[in-house]
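Engineer: no sequence for this one, just the structure:
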C-alpha cells in the first residue's frame, strides 16, 4: 500500500512485476544512451527501476489480479501509440484549429479514421509478412503511408507502396550525431 497526494494521501495499491532479463537490459541500454547524450550518468535507483514494471491503482487485489492489470495497461498503451500515430500522420491540428463548417470537420475526421483503419490493416500485414522478424513502428509506418498517399495524389501513374523496412524499425540507428562525428574527426 502506498499513499499518493500532497495533502491527504490516497491509499493505492502498488503492483510491481519483475521484467525479463532482455527487457531489463533494453531499458537500461536506453537509459544509459539517453543519459550519455545529455552528459550525465543514470542513478542506481533509476537502473534498479528499469528491472521492474510498476503500476499504481486504487483497485483492490480481490477486484483485479496483477496479471490482468498488466494486460489491461498493455492494451491501453497500444491504444495510446495508435492514437499518437493517428494524430501525427493525419496532421489534423491546423484543420481543426480554425473556424470551419461542421460538415467539413466531420468529413476530415471521417477521412482520417478511414486512413487510420487502412494503416492498422497495413501494419497487421507487415507483421504477418514472411521473413519479417521485427514489428514495424506504427508511427513510422503511418507517416510513410501518409507520404505515399500524397505522392499518389500528384502522380499520374499508380505507385506501389513498398517502403524500406529499415525506415520502419523501432530502434534508432546506432551512429554518432553530426556533432560527435565532427569532434571525433578533430580529436
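Structural biologist: Arrived safely, thanks for sending. Note that this is a predicted model, so its numbers are computed, not measured. Residues are numbered from 1 along each chain as shown.

Engineer: max-length helix in the protein?
Structural biologist: In the chain, assigned by DSSP state H, the helix with the most residues is helix 102-128.

Engineer: Which residues in that helix does the neighbour count mark as buried?
Structural biologist: 112, 115-116, 119-120, 122-123, 126 (16 or more other C-beta atoms under 10 Å). Where you see a C-beta, it was placed from the backbone N, CA and C, and this is true even at glycine.

Engineer: can you pull out the strands in this protein?
Structural biologist: Secondary structure of the chain (DSSP state E): strands at 2-4, 10-18, 52-57.

Engineer: got CSV for those strands, with distance to residue 135 too?
Structural biologist: What follows is the strands of the chain, written out as CSV (distance: least, C-beta to C-beta, whole Å):
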stretch, distance to residue 135
strand 2-4, 34
strand 10-18, 22
strand 52-57, 19
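
Engineer: I'd like those as TSV, with mean pLDDT and distance to residue 85 appended.
Structural biologist: Shown next, in TSV, are the strands of the chain (pLDDT from 0 to 100; distance: least, C-beta to C-beta, whole Å):
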stretch	mean pLDDT	distance to residue 85
strand 2-4	86	31
strand 10-18	90	27
strand 52-57	90	23
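
Engineer: Now tabulate these in TSV and tack on distance to residue 151 and mean neighbour count.
Structural biologist: Formatted as TSV, those follow (distance: least, C-beta to C-beta, whole Å; neighbours: other C-beta atoms under 10 Å):
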stretch	distance to residue 151	mean neighbour count
strand 2-4	49	10
strand 10-18	44	13
strand 52-57	41	14
